[in-house]
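> give the three-dimensional model of this entry:
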Amino acid sequence: MKTKPIFLLIIILLSAIIAGIFVSPQWLGAKYRPWRLGLDLVGGTHLVYEIDMSQVASQDRDSISGGLRDVIERRVNLFGVSEPQVVSAKEGDSYRLVVELAGIKDVGAAINEIGMTPLLDFREAVPPTNDQQLTTDNFIPTNLTGRYIKGAQLDFDQTTGAAQVDIQFNDEGAKIFEELTGRNVGKPLAIFLDNALIEMPTVREKISGGQAQITGKFTVDEAKKMVERFNAGALPAPIKLVSQQTIGPSLGQESLKKAIYAGTIGTTIVMLFMLIYYRKFGIFASLALIIYIALTAAVFKLGITMTLAGIAGFILSIGMAVDANILIFERTKEEIKKGLSRLSAIEEGFKRAWPSIRDSNVSTIITSVILYKFTSSFVQGFALALLIGVLISMFSAITITRTMLRVFVKKD
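Next comes the predicted model:
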């Protein structure tokens, strides 16, 4: 019965056609969702900030850096930048923030929008009128700001194990906080960072001693993020612009054309090799490769900012996509020499080649994950493109090629 393979093949072909239309720069895909291109392709602004950690304890520096990165990223998002890149970097004892704003040519406006050290402050609630819901507009600033906070850290409730955030104020801040909580028992006390609400805990009692806890229904990751934001707005870590650069799009566009040309030539040569060496099997491998390119490009267009490094990773994955087919075809040829029928040899070839395909791809996936986790900027783009390409290539070789062979290869 070939009904099931035929049905699956029809779904695969329809998906590939839709993906091809979606990624085309001249068809419907360009109208409804344009490609997201990085700074190196469309030009823009490249800024480097240095974080002054001279007044910050060494154990708090990573948290400060992460909190500042989060705040700066939110600021440039408000600036209306498409896919901004904000990464933290460490060079020796120097902590830096690298900001890449694709398509932004006005450096001065970008610098003004990013501003300086984020501002954290506490605000009291003003009861709304006419039974309206409490919103951020119903809070008024107080004189308790982040400069009175010594630091924040993640903690866990000893009874429930729930994540919570511990805050410690300095002596002056402790007095202000005690007075503030004393007149707001049973009311919400909002915490704002750069005029954006990050938490709105309810005051249970008057708090003395300069120690406070924020509890709620949040995950460990959410609590960690809150700690980073508190520390970014609380501890003295000003940022200073040390480098600014405007990048033109002409060089990137020329490089993009060359990369696409190289990818086209490389794909054509790979397909010719498969056709000449594997004959009929090569036809199926070439069709599977075309479908792989369409599906992978669609995934990239859905939510990934493409850079030259990412395109390089994609092109590399095209060459790697046929590796699995080569292993399968070689095993199949061996089984045919043993006297098995073509269909039986194909099934046995897939079965015996799978461990090698799995192990080789898993090793590439591990490498890609490590590169993405421990590097930044262009290397991350390359690693992500390679990772996605390898994952889809496994589907291409195992599912697409196998389905076509099951449908079109006749029994001996």
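> which stretches of the stretch 251-400 of the chain form helices?
280-303, 308-321, 323-337, 342-374, 377-395 (DSSP state H, counting those that start in this stretch).
> the longest one - contacts with which helices or strands?
Looking back up the chat, that one is helix 342-374. helix 323-337, helix 377-395, helix 401-408 (3 or more Cβ pairs under 8 Å, 6 or more residues apart in numbering; DSSP states H and E). Backbone N, C-alpha and C define where each C-beta goes, glycine included.
> how about the strands in this structure?
In the chain, the strands defined using DSSP state E lie at 44-51, 85-91, 94-102, 120-125, 139-145, 149-156, 163-169, 189-193, 196-199, 211-215, 239-247.
> just give me the neighbour total for the closest residue to residue 202 other than its chain neighbours.
Distances taken as Cβ to Cβ, 6 or more residues apart in numbering put residue 188 closest to residue 202, at 5.3 Å, once the chain neighbours are dropped. Look at residue 188: counted by other Cβ atoms under 10 Å, it has 16 neighbours.
> hang on, the earlier thing: using CSV, lay out the strands of the chain together with mean neighbour count.
Formatted as CSV, the strands of the chain follow (neighbours: other Cβ atoms under 10 Å):
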stretch, mean neighbour count
strand 44-51, 22
strand 85-91, 16
strand 94-102, 21
strand 120-125, 21
strand 139-145, 16
strand 149-156, 18
strand 163-169, 20
strand 189-193, 22
strand 196-199, 15
strand 211-215, 16
strand 239-247, 14
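> need those strands in JSON lines with distance to residue 228 and mean pLDDT, can you?
Listed next are the strands of the chain as JSON lines, based on distance: least, Cβ to Cβ, whole Å; pLDDT from 0 to 100:
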{"stretch": "strand 44-51", "distance to residue 228": "13", "mean pLDDT": "84"}
{"stretch": "strand 85-91", "distance to residue 228": "11", "mean pLDDT": "80"}
{"stretch": "strand 94-102", "distance to residue 228": "13", "mean pLDDT": "84"}
{"stretch": "strand 120-125", "distance to residue 228": "11", "mean pLDDT": "85"}
{"stretch": "strand 139-145", "distance to residue 228": "18", "mean pLDDT": "84"}
{"stretch": "strand 149-156", "distance to residue 228": "9", "mean pLDDT": "83"}
{"stretch": "strand 163-169", "distance to residue 228": "10", "mean pLDDT": "86"}
{"stretch": "strand 189-193", "distance to residue 228": "10", "mean pLDDT": "83"}
{"stretch": "strand 196-199", "distance to residue 228": "10", "mean pLDDT": "80"}
{"stretch": "strand 211-215", "distance to residue 228": "14", "mean pLDDT": "83"}
{"stretch": "strand 239-247", "distance to residue 228": "15", "mean pLDDT": "81"}
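> now render those strands as CSV, adding distance to residue 391.
Converted to CSV, the strands of the chain look like this (distance: least, Cβ to Cβ, whole Å):
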stretch, distance to residue 391
strand 44-51, 30
strand 85-91, 23
strand 94-102, 26
strand 120-125, 41
strand 139-145, 46
strand 149-156, 33
strand 163-169, 32
strand 189-193, 37
strand 196-199, 35
strand 211-215, 39
strand 239-247, 31
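> residue 36: which of the ones you listed is closest?
Closest approach to residue 36 among the strands of the chain (Cβ to Cβ): strand 94-102, 8.3 Å.
> okay, angle between that closest one and helix 377-395 too, please.
Here strand 94-102 points in a direction 60 degrees away from that of helix 377-395 (axes from the mean of the first three to the mean of the last three Cα atoms, to 10 degrees).
> out of the helices and strands packed on helix 342-374, flag the one nearest residue 312.
helix 377-395 (5.9 Å).
> if you count neighbours, what's buried in that closest one?
377-378, 380-394 (16 or more other Cβ atoms under 10 Å).
> what packs against it?
helix 280-303, helix 308-321, helix 342-374.
> the inter-axis angle of it versus helix 308-321?
With the same axes, to 10 degrees applied, the angle from helix 377-395 to helix 308-321 works out at 20 degrees.
> tell me which residues are up against helix 377-395.
38, 40, 85, 87, 98, 100, 292, 295-296, 299-300, 304-314, 316-318, 320-321, 324, 357, 361, 364-365, 368-369, 371-372, 375 (Cβ atoms under 8 Å, 6 or more residues apart in numbering).
> gap between residue 6 and residue 18?
Going from residue 6 to residue 18 by Cβ to Cβ, to the nearest Å gives 19 Å.
> tell me the contacts of residue 183?
Under the criterion of Cβ under 8 Å, 6+ apart, the contact list for residue 183 is empty.
> now it: phi and psi?
With angles defined as degrees, to the nearest 10, residue 183 sits at phi -100, psi 10.
> and the nearest residue to residue 267 once chain neighbours are set aside, what pLDDT?
Nearest non-adjacent residue to residue 267, counting by Cβ to Cβ, 6+ apart: residue 318, 5.5 Å away. As predicted, residue 318 sits at a pLDDT of 84.
> and what of the one 4 residues further on?
Reading off the per-residue confidence, residue 322 sits at a pLDDT of 83.
> which residues does it contact?
So residue 322 contacts 270, 274, 285, 289, 397 (Cβ under 8 Å, 6+ apart).
> picking that back up, would you format the helices of the stretch 251-400 of the chain as CSV with distance to residue 142 included?
Output for those, formatted as CSV (distance: least, Cβ to Cβ, whole Å):
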stretch, distance to residue 142
helix 280-303, 41
helix 308-321, 47
helix 323-337, 63
helix 342-374, 41
helix 377-395, 40
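> and of those helices, who's closest to residue 114?
Nearest of the helices of the stretch 251-400 of the chain (Cβ to Cβ): helix 377-395, 17.7 Å.
> now do that closest one: distance to the chain's middle.
The chain centroid and the centroid of helix 377-395 are separated by 12 Å, computed with Cα atoms, centre = their mean, to the nearest Å.
> and it with helix 342-374, angle?
Using the same axes, to 10 degrees: helix 377-395 against helix 342-374 is 160 degrees.
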